[in-house]
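# Using only what follows, build the 3D model:
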Amino acid sequence: MYKLYSFLIATPLFVILTVIVSILVTLTALLGLKSMAHRYVPMWWGKLTFWLYLLPVHVEGRAHLDPHQSYVFVANHQGYFDILLMYGYVGHSFKWMMKDYLKKMPIVGPVCMVSHQIFVGDSLSSIQQAVKDARKTLQGGMSMSIFPEGTRSEDGKMGQFKRGAFMLANEIGLPIVPITINGSFRAFSRHAYSVTRTPLSLKIHEPIHPDYFQRKPTKEFMQEVHDIISRAVNSDIK
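Purely as a prediction, here's the structure:
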């Protein structure tokens, strides 16, 4: 019965909701309403989606965040619902660090460009431009989110991290906040064709401040953050 409900009712309503959210984000971004474009409209998109699909979400650690502080949120990437989990339950304004080629995606690309997400390519000049964009926009409580694995998990386990987010955080001197996502792989993985009803959780770990990680080699600190996130994944799966 749930599969039928998900396919015939929840998914069509989700598509309509997403179109409305895309329009609202575009309009609020063009009007300069940053809190609406980067927090409140996406937050309700996330929460309403999980309500539509009847998926319970547990959140832990939101008290670690200062609403006036900018952060770099670093999360594992289990499945299709991860972006919605971040938007719905982190409770903070943020932009995404995303690959340049996503600009060409229908609907997604134009909306992300209008809302000034942080795009980065593989060239040195593109990385330098991303740092410049980040310095300009990531302040006064506006943060950045990234999935440093670069893609959704194949089997629910975490892959290796890429350096981009950590180098950027180091350059602009923002605290890094590890976030552990659980349940998203079971709910809707990259190989699934339908949603499975299962609990999801988001664990926000304590921020790690620049005065700690700027003294360390990037590779060493990157592994530390990977371990913080992966330990929580393993403990929840058990």
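# give the contact list for the closest residue to residue 86 other than its chain neighbours.
In space, residue 86 comes closest to residue 145 once its chain neighbours are excluded; the distance is 5.6 Å by CB to CB, 6 or more residues apart in numbering. The way it works is simple: take the backbone N, C-alpha and C, and place the C-beta from them, glycine included. By CB atoms under 8 Å, 6 or more residues apart in numbering, the residues touching residue 145 are 72, 73, 74, 75, 86, 90, 94, 95, 96, 97.
# thought the second one was touching residue 181?
To tie it back to what came earlier, the one meant is residue 73. No: here residue 73 lies out of contact with residue 181, judged by CB atoms under 8 Å, at a distance of 11.1 Å.
# What's the separation between the residue lying closest to residue 199 once chain neighbours are set aside and residue 203?
Distances taken as CB to CB, 6+ apart place residue 56 nearest to residue 199, at 4.9 Å, with adjacent residues excluded. Distance, residue 56 to residue 203, using CB to CB, to the nearest Å: 15 Å.
# now swap in residue 161 and tell me
Distance from residue 161 to residue 203, by CB to CB: 17 Å.
# Repeat that for residue 220.
On the measure of CB to CB, residue 220 and residue 203 end up 23 Å apart.
# Settle it for me: which of these two has more neighbours?
residue 203 (21 against 9; other CB atoms under 10 Å).
# hang on, the earlier thing: put together TSV for the contacts of residue 145, with neighbour count on each row.
Listed next are the contacts of residue 145 as TSV, based on neighbours: other CB atoms under 10 Å:
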residue	neighbour count
72	27
73	23
74	26
75	25
86	22
90	26
94	23
95	22
96	19
97	23
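# nearest to residue 10, of the residues you listed?
Proximity of those to residue 10, judged by CB to CB, is greatest for residue 86, which lies at 20.0 Å.
# contact partners of the helix or strand containing that closest one?
Assigned by DSSP states H and E, residue 86 falls within helix 82-89. Residues outside helix 82-89 that contact it (CB under 8 Å, 6+ apart) are 42-47, 49-50, 57, 59, 62, 73, 75, 94, 96, 145, 147, 152, 179, 181, 184, 200, 202.
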